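Provided below for reference: sequence and predicted model.
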Amino acid sequence: MTRLYLRVYVALVASIAVFALAAGFLWRQVFEAPGARQGLEVAAALAQQALPPADAAPAAQQSGLARLAGILGTELTLYAPDRARIAVVGEPLPAPSADRHRAGWLRRADGPPALALPLADGRWLVVRTARWRRHPAFGLFSTLALLVLAVGVGAYPVVRRLTSRIERLQSGVEQLGAGDLRARVKVEGRDEVARLAASFNRAAERIEQLVGAHKSLLAATSHELRTPLARIRLAIELMKEGGDARRKGELERDIAELDGLIDEILLLSRLDAAPSHEADEEVDLLALAAEECARYEEAELDGQPVSLRGDARLLRRLIRNLLENARRHGAPPIEVRICRTARDRPEAAELRVRDHGPGIAADERERVFEPFYRHPNAGQGAGAGLGLALVRQIARRHGGEARVEDADPGGSCFVVRLAGARRSQG
């Protein structure tokens, strides 16, 4: 069982059932104790005194048995030592088995049990009261069964209420782990579960504050970096008339790289801070890819028109980063393909960008999507390591995923799945 409330509930009911069985066992032990057997022996002796002797005529024995039955108000059957029936009053009762030697209950498959009493002369008197048609243990076990049922029914809402709070706490933990920093749970009661829920809420609030402060600091720092960049760019414009053209070109490229890095940091921070779409519009993915591929001479586009709801600016950035990554680390041509696929979900869009470079080792295919990860053998123009991290973030923002596959006969193939694709009209 995977549910806590079921385990607690079953354990409680099982303990009550064990108690019922133990009570029945104890009752049996008490009933068959020496004191109880002595009482049965006394009853057998009194019955023999009221009955004719064993060698009396059958009619006399029948008459004596009738008188005893009238006094006791019972159904009686008298058996000889060889278990032959001598006399009967009422419904015939079963004879004791040949291996029985002492008083006790006779269990019957076709009716209630009866009590067998051995007489001193070898005869057996089988007794059943007319008013008591069931074994005495039936009432005890019926009462215990009703007790088990009542406790089980009464305990269920108590146990369920306890474990439902634990389940809500588990749901809150899962939401927080999935990135919902606003996840909180309701505090109910004053017991340990309530204190645990309150502790979780305090921890979640603290985590939200720390992450929010980190994101604010990152955004503010990135914005502040743009000011000196603007001043440096202005200084370069002013010195265009003179100075070393080579150094000036290198400085311009460095500034452009730093400006792009800041832009990617800001975008990554904004994607982390806002889990929902800022823009939701109909986007033609094939047309978007065609516009981006036009910027690269070595890019070859193929596919079919696919439209989906999403943020066109982010999807454009996703395609551009994949093309730029293929240009930097691969070899031409860069093959881009867009298609619809229904393998895991209906009408999902798939984007494939393949290069013919050295490829990516299997143990690095997940690490390339980590922010600021750079291959140890990457050259000077490898970038800061944020491009592919943005690709995965944008894909997940659109309900999809990004991964790396082998390309045959060589190179790397980046595959991006996007949910919610729609068939283009026309």
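Noted; the coordinates are in hand.

need the contact list for Ala183.
When the contact criterion is CB atoms under 8 Å, 6 or more residues apart in numbering, the partners of Ala183 are Gly172, Gln175, Leu176, Ala204. Quick note: C-beta positions are derived from backbone N, CA and C, even for glycine.

In three-state terms, how would it be classified?
Put simply, Ala183 is coil when judged by DSSP: H, G, I helix; E, B strand; the rest coil.

nearest spatial neighbour of it, skipping sequence neighbours?
Taking CB to CB, 6 or more residues apart in numbering as the measure, Ala183 lies nearest to Gln175, with 3.7 Å between them; neighbours along the chain are not counted.

and the helix or strand harbouring that neighbour, what does it pack onto?
In this structure, Gln175 is located in helix 136-177 according to DSSP states H and E. If you count contacts as 3 or more CB pairs under 8 Å, 6 or more residues apart in numbering; DSSP states H and E, helix 136-177 packs onto helix 4-31, helix 192-238.

Name the stretch from those where average model confidence is lowest.
Per-segment mean pLDDT for the helices and strands packed on helix 136-177 reaches its minimum on helix 4-31, at a mean of 69.

Just the CA trace of stretch 351-359, in CSV.
Coordinates of each C-alpha in stretch 351-359 appear next as CSV, following Å, rounded to 0.1, in the frame of the first residue of the first chain:
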residue,chain,number,x,y,z
LEU,A,351,12.5,21.5,-34.8
ARG,A,352,15.8,19.8,-35.8
VAL,A,353,19.1,21.6,-36.3
ARG,A,354,21.9,19.4,-37.5
ASP,A,355,25.6,20.2,-38.1
HIS,A,356,28.4,18.1,-39.5
GLY,A,357,31.0,18.9,-36.8
PRO,A,358,32.8,16.6,-34.3
GLY,A,359,29.6,15.9,-32.4
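
Now do the same for the helix holding Gln175: mean pLDDT, whole number.
Mean predicted lDDT for helix 136-177 stands at 75.

Same check on stretch 74-90?
Confidence over stretch 74-90 (mean pLDDT, whole number) is 89.

ok so, going back, output the contacts of Ala183 in a markdown table; the columns should cover distance to Asp99 and neighbour count.
Conversion of the contacts of Ala183 to a markdown table gives the following (distance: CB to CB, whole Å; neighbours: other CB atoms under 10 Å):
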| residue | distance to Asp99 | neighbour count |
| --- | --- | --- |
| Gly172 | 68 | 19 |
| Gln175 | 71 | 16 |
| Leu176 | 72 | 19 |
| Ala204 | 74 | 20 |
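
of all the residues you listed, which two lie farthest apart?
Across these, the two members that end up farthest from each other (CB to CB) are Gln175 and Ala204, 9.1 Å apart.

how much space between Ile394 and Arg313?
Using CB to CB, to the nearest Å, one gets 10 Å for the distance from Ile394 to Arg313.

Then Arg85?
Distance of Arg85 to Arg313, computed by CB to CB: 103 Å.

Please apply the same query to Ile262.
Distance of Ile262 to Arg313, given as CB to CB: 17 Å.

Please identify which of those two sits among more neighbours.
Here Ile262 and Arg313 are set side by side on neighbour count (other CB atoms under 10 Å), and the busier one is Ile262, at 18 against 15.

what kind of secondary structure is the more buried one in?
Each residue gets one of three states, and Ile262 gets helix by three-state DSSP.

in a strand, that's where Val126 is, yeah?
Yes. Assignment of Val126 by three-state DSSP places it within a strand.

Does it touch Leu119 like I think?
No. With contact defined as CB atoms under 8 Å, Val126 does not reach Leu119; the gap is 11.2 Å.

So for the two, which sits in the more crowded spot?
When Val126 and Leu119 are compared for neighbours, Val126 comes out ahead with 21 against 18, by other CB under 10 Å.

In contact with the more buried one, which residues?
Val126 makes contact with 76-79, 93-96, 106, 114-117 under the criterion CB under 8 Å, 6+ apart.

Let's see which of the residues you listed end up in strands.
Leu76, Thr77, Leu78, Tyr79, Leu106, Ala114, Leu115, Ala116, Leu117 (DSSP state E).

and the fourth one, how many neighbours does it have?
Tyr79 sits with 22 neighbouring residues when counted by other CB under 10 Å.

which residues does it form a beta bridge with?
Arg85, Trp124 (DSSP bridges).

what about it, distance to Glu324?
105 Å.

same question, the fifth one
Remark: distance between Leu106 and Glu324 (CB to CB) = 95 Å.
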